[in-house]
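>>> I'd like to go over a predicted model; first the sequence, then the structure.
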Amino acid sequence: GGALRGMPFKHSACDGAPFGRMKVSVKPEIVALGLPNLPDGTAMPPPDEHDASHLSPQAWRALMARDDVVMLDNRNHFECRLGRFRGAVDPQVHNFRDFVAYVQAHAPAWRAAGRPVAMYCTGGIRCDKTAPWMRSLGLDVWQLDGGILNYFQALPDADRDWQGECFVFDRRLALDTHLRPSATTTAEQVFDPAHPDEAWRLQRAQRLNDAI
């Protein structure tokens, strides 16, 4: 009830403790996009997880089969390297804020060709943040409701459409399409220490692992 009324809560089961401790931080914005306003100067609208652009896993699978769709991965490059939907575009961004420049560079061509954009991320948050702004650019944007993890949970044969593993931001690091933690994937395999934006992520993952 109260402020949490109507808020969707997502549950994920695992055999061990995925985090060494619980930390609650109050921040002005979740996964900062770096865009306080839309192009016309109006404030960014709050995410709406119930609008019609959120597609069920079944509807998402049907959309992926279309030839005219731009299948856009709204995650960092290291996440895409580990796994993604077959045929999806990897924008090769190293921070969420960099996604803006990628979309701005490609939006004119997508609009001119009349191509809808099917966008996905791990759990849906990054897409919820980005979709209103992308629509303000005149793009026809659809997003996977609940993200990759919901797709895996809903479809036992998700491996038909997915290649590799899905990165998660906890000690498990990577899940297969049956939501089972990888037995072989390590932080050293996920992150490239030669890249500054991945080197600190590797250090964080190692600290998280040591804290368990």
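Right, received. Where do you want to start?

>>> so where's this protein shaky on pLDDT?
1-4, 6, 36-52, 207-212 (pLDDT under 70).

>>> center of it, which residue is that?
Taking CA atoms, centre = their mean, the centroid of the chain lies closest to C121, which sits 1.8 Å from it.

>>> next one: phi and psi at the nearest residue to that residue once chain neighbours are set aside?
With CB to CB, 6 or more residues apart in numbering as the criterion, C121 has its nearest non-adjacent residue at 4.4 Å, and that residue is N74. In short, each C-beta sits where N, CA and C put it, glycine included. When read as degrees, to the nearest 10, the backbone of N74 gives phi -100, psi 60.

>>> Tell me how far K129 lies from C121.
9 Å (CB to CB, to the nearest Å).

>>> my guess is G34 contacts V100, does it?
Yes: between G34 and V100 there is a contact under CB atoms under 8 Å: 6.6 Å.

>>> Who has more neighbours out of those two?
Between G34 and V100, V100 has the larger neighbour count (other CB atoms under 10 Å), namely 16 against 11.

>>> Which elements pack onto the helix or strand encompassing the more buried one?
Taking DSSP states H and E as the definition, V100 sits inside helix 99-113. For helix 99-113, the contact count by 3 or more CB pairs under 8 Å, 6 or more residues apart in numbering; DSSP states H and E identifies helix 125-136 as packing neighbours.

>>> tilt between the helix it packs on and helix 99-113?
Relative orientation of helix 125-136 versus helix 99-113 (axes from the mean of the first three to the mean of the last three CA atoms, to 10 degrees): 50 degrees.

>>> list the helices and strands the helix or strand just after helix 125-136 packs on?
With elements assigned by DSSP H and E, the helix or strand that comes after helix 125-136 is strand 141-144. Here strand 141-144 touches strand 54-55, helix 57-64, strand 117-120, helix 125-136, going by 3+ CB pairs under 8 Å, 6+ apart.
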